[in-house]
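mind looking at a prediction? Sequence and model below.
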Amino acid sequence: MNAFLLYENSDRLGEHPYYDGKSIVQDLGLKALFLAAAKEVIYDKEVVKRIEKEDVYIQDTLRKIMMVPLETKEEMIYRQEIVRDSLKREDLMRELYGISGHVLQEWNKLGRGLKDKLSQSNPVTKLTSDIMVAHLFYDSLCRIRELLEEAGEDLQSKGLKGLRKRLGEEFSQERAAYVKKVLSDISFYIDGIDQEDEARDQVVKPRIVLECGLEDGLKFSSLKLQEVASQNTKFYRPGSTMDKLQDFKNSRIPDSFSTVKEVAISEQADQLEYAIVNYIMGNLGRFMRDFNGFFDALHMQTAFYVGAINLKHHMERFSLGYCFPTVCEQDRLAFRELKEFVMCLEQRVKAVGNTCDMKHKELLIVTGANQGGKSTFLRSIGIAQVMMQSGLMVTAEEFKSGLFPRLYMHFTRREDSAMNSGRLDEELSRMNKIVENLKETEGAAMLLLNESFATTTEKEGSVIAYDIIRALNEAGVKILTVTHLLSFAQRMYEQYREHSDSVVEFLSAERKADGTRTFHMIQHAPELTSFGLDLYEEIVEKTKATAG
Amino acid sequence: MAERVSILDLRKVSAGEEERKAFFLDLNISQIIDKMAVRWGQGIRKLYAYFPADKECEAYRREVYGDFKREEIYQCCMAFVERLGRVEEFRTLRGKVRSSMQSGVYQIREMDAYCRAFGTLAQELSKAQPESRGLKDFLAYLQELLSSEAYQKMQSTCAKVLEELLGFRFVITYEKDRMMVAPGESEGSYEDFLKTFGDPDRPPLTSPFFASNMISELENSCLDILAKKRPQIFQTLQRTAEEFTSYEDEGLLQFTRELPFYLSFATFQREMSELGFAFCTPGADEKRQMEARGLYDLALAIVAHREGRRVVSNDMYYGEEESFFVLTGPNQGGKTTFARSLGQLVYFTKMGLDVPAVSANVHYFKDIQTHFSVEESIETGRGKLKEELIRLAPMMEEHRSGTFVVINELFTTAASYDARIMGGKVLTHFIELGCRGIYVTHLKELTEIHPRVVSLRAMLDQERLQTFEIKRSEAEESACAANQVNKYRLTYEQLKERL
């Protein structure tokens, strides 16, 4: 039985995770996003009352799933549909997550994973726990089936409807009835496990009819099980008058012997019981195997959708509009009011939205004022791209992009940007590994460069950037770069002006005539100054002025 | 009663026949036998240890082996061995139990399996129509035995008792801490219910009491009740077992002992053929010259295939006036391998089996003698030379005429001058005794020591790399420098390969 809520035909994550997911998480600040996804927002009359403590499993799961990009439009739509259903029926998704979690938790208590060790030390313990696990499976599957059936028309996604259909087939009424009967027939074997002996007036005892031959050296051979049932019988205290009377009555049965009078026979009767129950449980083997991985898969997959639900509430908390992105050609990138989600989460501020539509562009060069929102802009695209490629909604009114299963980050982290050769070496080595990976893998590729090669002089850095970016671009890699390397930007711009069909786009952080920054990106030719002077002015001179 | 038949024709093996051990190791034949022993057990070693007594005996086996290569005969004998395994199983069980009643049951089953195994063999074998004297005679013997009155009686009694026993069923009803026991069958249908959604791969219901061969107390309590209800079954059982305590025929026992010789090699040959290694039945024509095409080292083939290496095969012949190959050439050039493959060629021919070559004609030799230097020997200098000579001496006795001799790197520690003279004497001695063989050496002078010597050389290609091909050629002096490089595997290609 498969859950198939992440992919239409697989319960496994895709085989191609992002190259260097660690950098993606770090450079885009996705940790905050995973954390938010793990925290439920509790409302009281539509007002946020509190935020729950994070569910670490959801946090980890989001991280795992988001680091494996979807590779086709169909895959993306498949997930988006389920996210839509989840938003419509939050309760259902949360309960599926809860039930599967409960199964796994109880199963662990019953010694899952320890199984092999346990079976060697004590087969009876293993058999009893197997029976308990079968009960757990049965109860949970009944509940899940019921939930999905009740949801009726609320479920519109292929994924959830498919799950309902498959469960109806693989856990059909007939099969469920079979499992139920088997478990009830052998219930004598686990009788008394949950109860205190004192409080009982009934005991469950087996009735077994067994046909045998003697051809194997007069030992019981070619066994054939004819009847098995559990019977409720009155419980009499051992040694009591009623007990003795019962015993006397039984001893009058002809051609029979007691299985409790002699220690050896009593032990052997237990062995026979064990063998028979074990054999019967063996018949549930296929059932257990069919659903063995189901709860793990379901738990992991529903965790993702519960995460999506939580993210939606966090978006609403910060009044961020969201949409389900759509796939377009790889040389296009278009969005309206795209906001940087992580920054909103971390700084609890309302971000500035950006809007643009870049058609037939393979290279985007963002230049402009310091503190003008360039890096934020780049990150907002990166985050949206990652969310889109995992089937989630993004914080924009509209978002259109191609799918890039190969997404690379090459960010210069602020704290690293001291100018020395060791740093440049480290940067080049990182780039070398990216190139190595590009060589070894296939699929559409996008590279985000943030202040790359700024660890050397502007002139040298420009040459390096020019060569690398041109080469990669020609190899079909889509590149978005934020750069201070103005010689590089200028050189690219001159070429751009000469070719009307250039695939390069230039954006710049907007600066109003009076010098104020709007944090908007506008189409603009790169300038020879990066407005550091402005900043200097703002910080140094103004402080001077106020002090003065 | 027909005479017993040996499919190995062992009647002709003289009592004084010695086991041959020295060349087993030198020619790596023990590795081949090890490989076969994995499936057939160490018992087959003995079967490979003795040579047939004479030329006729070799031919007799070759004929029998020819039958075993036929699909129908191979398959029916393999199936027979499988059935015999059942007999063994019951015999083992019989040996383990203490109660005579229990051992009686196992004995009846053992006899039944025995009759089935030989009965089926007789049927299938006669359908396959063996062509060799050995198998034809054995089949006649078997058929006569099976139709004898004594055997018929045993078979029918055994079948009757077994049928009764197999048909006997009883029912245990376990309820309210008691077990009720009654002969007969029961109407229940729980197995049918279990099957509806059950697991087709589930293990069958087996009695927990099989953990021991003894009858448990619980089983005994049931048997007490059953014995009271149906006494006659238990009495017949005991009577029959006593009547046929020793039922096996000596002639059939001998067959089952000898059979693995052919089957083990036939199975091995099939496996190796499937991997692409050639085999052929050697001609044993004394009038034609001794020769082989596509000859290779079978022991090396096993290892090389496992490691994905190529195995080089060679062609060779002894002209009418030629007695000895003197093989020179670079180290690691395939000299020893070639010498071994020659020895194996003669060995398998003598055993009446197929040989590792595309085609071959091999003359009759009384024996195979080998002398390989013991590299691991701690002794050097005079000590080692002495050790070599001690091993050599008995090989050179007069009665060892007409043998096949494989000598590998003799006298390496002696001075060259001495080694040349000693080597010459050894060669001349064997040639004059009417032996054939091969002498692997670094001393090129030995190629000219006697008119009946043929010079062979391990060949190099243009880049002076080993080709592992062995050709008739004048010995060469200059291989020395290249040898050094080669020895340390430091040529360009070798380094490429190593890195």
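In hand now; what should we look at?

if I look at the residue in the stretch 1-150 of chain A that chain B sits nearest to, how far off is residue A:109?
Nearest residue of the stretch 1-150 of chain A to chain B (Cβ to the nearest Cβ) works out as residue A:123 at 10.3 Å. C-beta here means a position set from N, CA and C on the backbone, and glycine is covered the same way. Separation of residue A:123 from residue A:109 (Cβ to Cβ, to the nearest Å): 19 Å.

ok, residue A:472 next?
53 Å.

flag the helix or strand of the chain with the lowest per-element mean pLDDT.
Answering for chain A, as no chain was given. Among the helical and strand segments of chain A, the one scoring lowest on mean pLDDT, DSSP states H and E is helix A:532-536, with a mean of 48.

um, chain B though
Result, chain B / mean pLDDT, DSSP H and E: helix B:492-498, a mean of 35.

okay, which residue of chain B is out on the far edge from center?
residue B:176 (60.0 Å; Cα atoms, centre = their mean).

now do the same contact list for that one.
By Cβ atoms under 8 Å, 6 or more residues apart in numbering or on different chains, the contact list for residue B:176 reads A:205, A:233, A:250.

and the closest residue to chain B within the stretch 351-500 of chain A, its phi and psi?
Going by Cβ to the nearest Cβ, chain B is nearest to residue A:436 of the stretch 351-500 of chain A, at 21.3 Å. Phi and psi for residue A:436, reported as degrees, to the nearest 10, are phi -60, psi -50.

how about the stretch 301-450 of chain B: which residue is closest to chain A?
residue B:308 (25.9 Å).

can you classify that residue by secondary structure?
coil (DSSP: H, G, I helix; E, B strand; the rest coil).

ramachandran coordinates for it?
The phi/psi pair for residue B:308 (degrees, to the nearest 10) is phi 70, psi 20.

biggest helix in the chain, by residue count?
Chain wasn't specified; assuming chain A. helix A:123-151 (DSSP state H).

look at chain B instead
helix B:100-128.

just checking, next helix/strand downstream of that one?
Next along the chain after helix B:100-128, taking DSSP states H and E as the criterion, comes helix B:133-146.

which stretches in the stretch 51-200 of chain A count as helices?
A:56-66, A:73-88, A:90-109, A:115-121, A:123-151, A:158-170, A:173-185 (DSSP state H, counting those that start in this stretch).

closest one to residue A:526 among these?
helix A:56-66 (33.4 Å; Cβ to Cβ).

what does that closest one contact?
Contacts for helix A:56-66 (Cβ under 8 Å, 6+ apart): A:6, A:13, A:25, A:30, A:33-35, A:37-38, A:101, A:299-300, A:303-304, A:306-307, A:310, A:386-387, A:390, A:392.

with adjacent residues omitted, what lies nearest to the closest residue to chain B within chain A?
Using Cβ to the nearest Cβ, the closest approach of chain A to chain B is made by residue A:226 at 2.4 Å. Distances taken as Cβ to Cβ, 6 or more residues apart in numbering or on different chains place residue B:188 nearest to residue A:226, at 2.4 Å, with adjacent residues excluded.

likewise residue A:168?
Nearest one to residue A:168, counting by Cβ to Cβ, 6+ apart, is residue A:145 at 6.9 Å.

related to what we said a few turns ago, let me know whether the residue nearest to residue A:226 touches residue A:227 as I believe.
Yes: with contacts counted by Cβ atoms under 8 Å, residue B:188 reaches residue A:227, the gap being 4.3 Å.

list the residues that contact both of these two?
What both residue B:188 and residue A:227 touch, as defined by Cβ under 8 Å, 6+ apart, is the set residue A:209.

what's near enough to touch the closest residue to residue A:81 other than its chain neighbours?
The shortest distance from residue A:81 to any residue other than its chain neighbours is 3.6 Å, reached at residue A:157 (Cβ to Cβ, 6+ apart). By Cβ under 8 Å, 6+ apart, the contact list for residue A:157 reads A:78, A:81-82, A:84-85.

show me the shaky parts of the stretch 401-548 of chain A.
Counting by pLDDT under 70, the stretch 401-548 of chain A shows low-confidence ranges at A:413-425, A:455-459, A:515, A:527-548.

ranges for the strands of it?
In the stretch 401-548 of chain A, the strands defined using DSSP state E, counting those that start in this stretch lie at A:406-411, A:445-450, A:477-482, A:504-511, A:517-523.

what's the answer for the stretch 251-400 of chain B, then?
Counting by DSSP E, counting those that start in this stretch, the strands of the stretch 251-400 of chain B are B:290-295, B:314-318, B:324-328, B:359-361, B:368-372.

other SSEs contacting the fourth one?
Right, strand B:359-361. Applying 3 or more Cβ pairs under 8 Å, 6 or more residues apart in numbering or on different chains; DSSP states H and E, one finds that strand B:359-361 makes contact with strand B:290-295.

circling back: separation between the residue nearest to residue A:168 and residue A:481?
Distance from residue A:145 to residue A:481, by Cβ to Cβ: 52 Å.

more neighbours: which of the two?
Looking at residue A:145 and residue A:481 with other Cβ atoms under 10 Å in any protein chain shown, you find the greater number of neighbours at residue A:481, namely 24 against 18.

and the residue nearest the centre of chain B?
residue B:264 (4.4 Å).

quick one, what contacts that one?
B:36, B:39-40, B:44, B:47.

so for the residue farthest from the centre of chain B, what's the pLDDT?
Looking at residue B:176, its pLDDT reads 84.

quick check: residue B:113 touching residue B:86?
Yes: look at residue B:113 against residue B:86 with Cβ under 8 Å: they come within range, at 4.3 Å.

compare the two (neighbour count), which wins?
residue B:113 (19 against 16).

ok, so of the contacts of residue A:157, who is nearest residue A:127?
residue A:82 (38.6 Å).

what separation is there between the closest one and residue B:45?
68 Å.

give me the more crowded residue out of the two.
residue A:82 (29 against 16).

which parts of the stretch 1-150 of chain B sit against chain A?
Residues of the stretch 1-150 of chain B lying close to chain A (Cβ under 8 Å from any Cβ of the partner chain) are B:93, B:97, B:99, B:101-103, B:105-106, B:109.

which one of these has the most neighbours?
residue B:105 (28 neighbours).

next up, the contacts around that one.
A:214-218, B:165, B:237.

can you pick out the most distant pair from the residues you listed?
Farthest apart among these - using Cβ to Cβ - are A:216 and B:237, which lie 13.3 Å from each other.

re earlier: higher neighbour count, residue A:472 and residue A:109?
Legend: neighbour count by other Cβ under 10 Å for residue A:472 and residue A:109, higher for residue A:472 (22 against 10).

that one contacts residue A:480, correct?
No: under the criterion of Cβ under 8 Å, residue A:472 is not in contact with residue A:480, lying 11.9 Å apart.

what number of residues are in the vicinity of residue 111?
Looking at chain A here, since you left the chain open. Close neighbours of residue A:111, defined as other Cβ under 10 Å, add up to 17.

chain B is the one I meant
24.

and the one 10 residues further on, by the same measure?
Using other Cβ under 10 Å, residue B:121 is surrounded by 25 other residues.

mind checking how far it is from chain A?
Separation of residue B:121 from chain A (Cβ to the nearest Cβ, to the nearest Å): 24 Å.

so the residue nearest to that residue when sequence neighbours are not counted: helix, strand or coil?
Spatial nearest neighbour of residue B:121, excluding adjacent residues (Cβ to Cβ, 6+ apart): residue B:80 at 4.6 Å. Three-state call for residue B:80 (three-state DSSP): helix.

was I right to think residue B:80 contacts residue B:122?
No: counting by Cβ under 8 Å, residue B:80 does not reach residue B:122; the two are 9.9 Å apart.

more neighbours, these two?
residue B:80 (21 against 17).

which one is residue 302 nearest to, not counting chain neighbours?
Going with chain A. residue A:97 (3.9 Å).

wait, chain B was what I had in mind.
That would be residue B:35: by Cβ to Cβ, 6+ apart, it lies 5.6 Å from residue B:302.
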